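Enquirer: Sequence isn't available, so here's the structure alone:
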């Protein structure tokens, strides 16, 4: 309890071990995009697609859950009804949008779930317990916090460009690249410098072994999710063997 | 200010993380085009081209052994989770290492070597298409049964005949170098300040 107070996050939903969440991101991501169809997979796929919704609800991310439910069912229905009734280029464009949604949405939402319910300290602590080298753990933890920032900064640059009347219609793609990328990277570098200063004050990179206030560990609530992940993975491996390695 | 240390310190690792994040977002945005079959082979030119600036800035910022390798390892892991292909990771470890040795041979001072390194590094992006060529029938089967439809799968396969594989590898390298040169041109001021020529 004291640890939670000190950490100061107001998260009140279901608490899962970060490692459980990571395992589920892997399982949902890989199986839904690379896995096949038919046999056991007929049941595994919908179960996995339902997973992000369940987890978002359990962690009280109401708006994200509603968004996911609406977007996914729209894409799913679209795939069933629109695709069979359209042809040619229209069919391709529909596939592009619908296919992207139906395949990547669950994985992306799992990613969102992982990022939004895991603090960086939790993440680092989990990485340490899995004996992941700092050379991978630090960039990864930065990335997890950085994705929302990328979007924010990108929007801000767009606003600034619009204010000055710089638009895509200028007909100079190389200039556009420069106008977008260079400020994006420069402000990212600045954020990076701030982040590293913050990290250094927390003793990252000191030769001594770091301690961590987060006590992560597997609890009862982790078991059903881990078992489900293991089962889905087993079904996927079975499918791989039955299909001669699948389409790897 | 900066310690003359050859090992990556946390500051460098944080920079690697930031650049990998932006690189991934850019790649994802560009790769979405690939859902239109014609664009699939073109992606092998567009992706390296788009990431050139990012890579060059990282090369200028972190001049130590390992940054490029870590970047491609993380990207490979992400591609794996995204289910595009597990091949980017093993190929990336090899091309990433070669890229590291190329910039190292220039003592991290030569921007020409960095351009070359990005070309080699980019070959890993081809890893995303390896399943298409390696297990063509199974991939086709998966597309048809996976709701893409016969027409789409046929179009996809017709744009990616087997003979195009080596062409695409070369394209990755060539457009990677081109992207890095654009990046170098765009960032000239920055490079000059960093003392890299």
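Expert: It's in. This one's a predicted model, so the numbers in the text were calculated from it and none came from an experiment.

Enquirer: For the chain, just list every one of the helices.
Expert: No chain in the question, so chain A it is. A:2-7, A:18-34, A:41-58, A:62-85, A:88-117, A:120-129, A:134-163, A:173-201, A:222-242 (DSSP state H).

Enquirer: Please refer instead to chain B.
Expert: B:10-31, B:39-61, B:67-81, B:88-105, B:111-122, B:130-134, B:136-143, B:150-159, B:164-186, B:188-193.

Enquirer: Include mean pLDDT, mean neighbour count and distance to chain A when you put those helices into a markdown table, please.
Expert: For glycine as for every other residue, the C-beta is placed from the backbone atoms N, C-alpha and C. Output for the helices of chain B, formatted as a markdown table (pLDDT from 0 to 100; neighbours: other Cβ atoms under 10 Å in any protein chain shown; distance: least, Cβ to the nearest Cβ, whole Å):
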| stretch | mean pLDDT | mean neighbour count | distance to chain A |
| --- | --- | --- | --- |
| helix B:10-31 | 86 | 22 | 3 |
| helix B:39-61 | 87 | 23 | 5 |
| helix B:67-81 | 91 | 23 | 4 |
| helix B:88-105 | 93 | 20 | 12 |
| helix B:111-122 | 92 | 24 | 15 |
| helix B:130-134 | 85 | 18 | 5 |
| helix B:136-143 | 81 | 17 | 4 |
| helix B:150-159 | 83 | 16 | 6 |
| helix B:164-186 | 91 | 20 | 5 |
| helix B:188-193 | 68 | 13 | 8 |
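
Enquirer: So for stretch A:58-77, mean pLDDT?
Expert: The average pLDDT within stretch A:58-77 is 86.

Enquirer: Off-centre distance for it?
Expert: 15 Å (Cα atoms, centre = their mean, to the nearest Å).

Enquirer: which residues sit against that stretch?
Expert: A:11-14, A:49, A:52-53, A:56-57, A:97-98, A:101-102, A:105-106, A:109, A:112-113, A:116-117 (Cβ atoms under 8 Å, 6 or more residues apart in numbering or on different chains).

Enquirer: Is residue A:30 in contact with residue A:236, as I believe?
Expert: Yes: between residue A:30 and residue A:236 a contact is recorded at 7.5 Å, counting by Cβ atoms under 8 Å.

Enquirer: quick one on the thing from earlier: quick check on the contacts of stretch A:58-77: which are buried?
Expert: For these, a burial check counting by 16 or more other Cβ atoms under 10 Å in any protein chain shown picks out A:49, A:52-53, A:56-57, A:98, A:101-102, A:105-106, A:109, A:112-113, A:117.

Enquirer: Show the contacting residues for the residue nearest to residue B:103 when sequence neighbours are not counted.
Expert: Once flanking residues are discounted, residue B:103 sits nearest to residue B:117: 4.9 Å by Cβ to Cβ, 6 or more residues apart in numbering or on different chains. By Cβ under 8 Å, 6+ apart, residue B:117 lies in contact with B:59, B:68, B:98, B:99, B:100, B:102, B:103.

Enquirer: any idea how far the fifth one is from residue B:72?
Expert: The span separating residue B:100 from residue B:72 equals 10 Å under the rule Cβ to Cβ, to the nearest Å.

Enquirer: And the first one, by the same measure?
Expert: From residue B:59 across to residue B:72, the span is 13 Å (Cβ to Cβ).

Enquirer: returning to that earlier point: ok, and which of the contacts of stretch A:58-77 reach chain B?
Expert: Restricting the contacts of stretch A:58-77 to those adjacent to chain B (criterion: Cβ under 8 Å from any Cβ of the partner chain) gives A:97, A:102.

Enquirer: Next one: the residue lying closest to residue A:107 once chain neighbours are set aside relative to residue A:213, how far apart?
Expert: Excluding its sequence neighbours, the residue lying closest to residue A:107 (Cβ to Cβ, 6+ apart) is residue A:29, at 3.7 Å. Per Cβ to Cβ, residue A:29 is found 30 Å from residue A:213.

Enquirer: rewinding a little: in JSON lines: the helices of chain A, plus distance to residue B:122.
Expert: JSON lines is the format used below for the helices of chain A (distance: least, Cβ to Cβ, whole Å):
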{"stretch": "helix A:2-7", "distance to residue B:122": "41"}
{"stretch": "helix A:18-34", "distance to residue B:122": "23"}
{"stretch": "helix A:41-58", "distance to residue B:122": "32"}
{"stretch": "helix A:62-85", "distance to residue B:122": "32"}
{"stretch": "helix A:88-117", "distance to residue B:122": "23"}
{"stretch": "helix A:120-129", "distance to residue B:122": "28"}
{"stretch": "helix A:134-163", "distance to residue B:122": "19"}
{"stretch": "helix A:173-201", "distance to residue B:122": "17"}
{"stretch": "helix A:222-242", "distance to residue B:122": "29"}
